[in-house]
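[1] Make a model of this:
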Amino acid sequence: MRRRVSVSEHLDRLTCNQIMTPDDTRIEVMKRIADNAIDGTLTKRQQECLKMYYYDKMNLVQIGDALTLDPSTVSRHIKAARKKLERLRALI
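    Model (predicted):
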């Protein structure tokens, strides 16, 4: 099982080369930082649920069927992920 790291720990580990290239805009850099932080902050299940809900536009029942989870469990994963992302947003 991988060790959970905080957002600040994860961001501290990134080098300038991993974050920024000469052609990057500030928004691209912030997106890359957020993507890297999300990978280190959210569980795999939370990432899957968020992707299916927001990107694939699936509802809780459809996600539950795809992941063999109860819709209430899917809802809890999404709420927990949102809470973590709100804390991340406060740091940026």
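[2] now what about stretch 53-62, what contacts it?
    52, 63, 66, 71, 74-75, 78 (Cβ atoms under 8 Å, 6 or more residues apart in numbering). Every C-beta, even on glycine, is put in place using the N, C-alpha and C of the backbone.
[3] ok, and the most crowded of those residues?
    Of all the contacts of stretch 53-62, V74 has the most neighbours under the rule other Cβ atoms under 10 Å, reaching 25 neighbours.
[4] what pLDDT, on average, does the helix or strand that one falls within get?
    Counting by DSSP states H and E, the element that carries V74 is helix 71-91. In this model, helix 71-91 has a mean pLDDT of 88.
[5] got the CA coordinates for that helix in PDB?
    Presented in PDB, the C-alpha positions along helix 71-91 are these (Å, rounded to 0.1, in the frame of the first residue of the first chain):
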ATOM      1  CA  PRO A  71     -24.400   4.500  -5.300                       C
ATOM      2  CA  SER A  72     -24.100   5.900  -1.700                       C
ATOM      3  CA  THR A  73     -20.500   4.700  -1.600                       C
ATOM      4  CA  VAL A  74     -19.900   6.500  -4.900                       C
ATOM      5  CA  SER A  75     -21.400   9.600  -3.400                       C
ATOM      6  CA  ARG A  76     -19.100   9.400  -0.300                       C
ATOM      7  CA  HIS A  77     -16.000   9.000  -2.600                       C
ATOM      8  CA  ILE A  78     -17.000  12.100  -4.600                       C
ATOM      9  CA  LYS A  79     -17.700  14.100  -1.500                       C
ATOM     10  CA  ALA A  80     -14.400  13.200   0.100                       C
ATOM     11  CA  ALA A  81     -12.600  14.000  -3.100                       C
ATOM     12  CA  ARG A  82     -14.300  17.400  -3.300                       C
ATOM     13  CA  LYS A  83     -13.300  18.200   0.300                       C
ATOM     14  CA  LYS A  84      -9.700  17.300  -0.400                       C
ATOM     15  CA  LEU A  85      -9.700  19.400  -3.600                       C
ATOM     16  CA  GLU A  86     -11.200  22.400  -1.700                       C
ATOM     17  CA  ARG A  87      -8.300  22.200   0.700                       C
ATOM     18  CA  LEU A  88      -5.900  22.000  -2.200                       C
ATOM     19  CA  ARG A  89      -7.500  25.000  -3.800                       C
ATOM     20  CA  ALA A  90      -7.000  27.000  -0.600                       C
ATOM     21  CA  LEU A  91      -3.200  26.200  -0.800                       C
END
